[in-house]
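>>> Give me a 3D structure for the following:
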Amino acid sequence: MDMPTDLALPMLGMMALTLLVWVVMFIQRVSFAQSNRLDIEQFKTPADVQALVPAEVSGASNNFRNLFELPVIFYGLCLYLIVSGQVDSFYTNCAWAFLLLRCLHSLIHCSYNRVAHRFGVYIVSALVLWVMVVRAFLAVL
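Okay, the predicted model is just below:
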């Protein structure tokens, strides 16, 4: 059996990815606001930001929101597996696959943002996660 901490690195990797996307988002928004001489007060609500910031500058922001959707289930599941002592090589490999696929998804989303490419990677990463969830659920039965 693998060590419970084997899931810690993929979890920390997801956190590092989230930090990196946040930094990219911050730099893009500040640069856009400065180059267009926008007052920060114009960014009061998400609707204001969406109206002001064009799509080519919104990729990182949209991706940042995505990192609080399926990855939240990933974090919870990994913590559950660690606490319940169910960590094994299958879960560890799936966790690494999920992290790598989410990194690729973020790279696509924050750069050229081709929806077909991004969606394909998203589906595969989601399937990896749902396999983990179903396996954990079946282990309880």
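>>> Now do the residue in the chain sticking out farthest from the centre against Leu104, distance only.
Distance from the centre of the chain peaks at Arg37, with 30.9 Å (C-alpha atoms, centre = their mean). Remark: distance between Arg37 and Leu104 (C-beta to C-beta, to the nearest Å) = 36 Å. Any C-beta I mention is one placed from the backbone N, CA and C, and that applies to glycine too.
>>> repeat for Ala51
30 Å.
>>> Same drill for the two, tell me which one is more crowded.
Neighbours of Ala51 and Leu104, each counted by other C-beta atoms under 10 Å, are more numerous for Leu104; the result is 17 against 10.
>>> Spit out the contact partners of that one.
Counting by C-beta atoms under 8 Å, 6 or more residues apart in numbering, Leu104 touches Val121.
>>> any idea which helix or strand carries it?
Here Leu104 sits within helix 89-110, counting by DSSP states H and E.
>>> ok, then the element right after that helix?
According to DSSP H and E, the helix or strand after helix 89-110 is helix 115-140.
>>> Tell me which other helices or strands that following helix touches.
helix 70-83, helix 89-110 (3 or more C-beta pairs under 8 Å, 6 or more residues apart in numbering; DSSP states H and E).
>>> Out of the ones you listed, flag the one nearest Val57.
helix 89-110 (10.7 Å; C-beta to C-beta).
>>> what's the weakest-modelled helix or strand in the chain?
Scoring the helices and strands of the chain by mean pLDDT, DSSP states H and E places helix 46-52 at the bottom, with a mean of 88.
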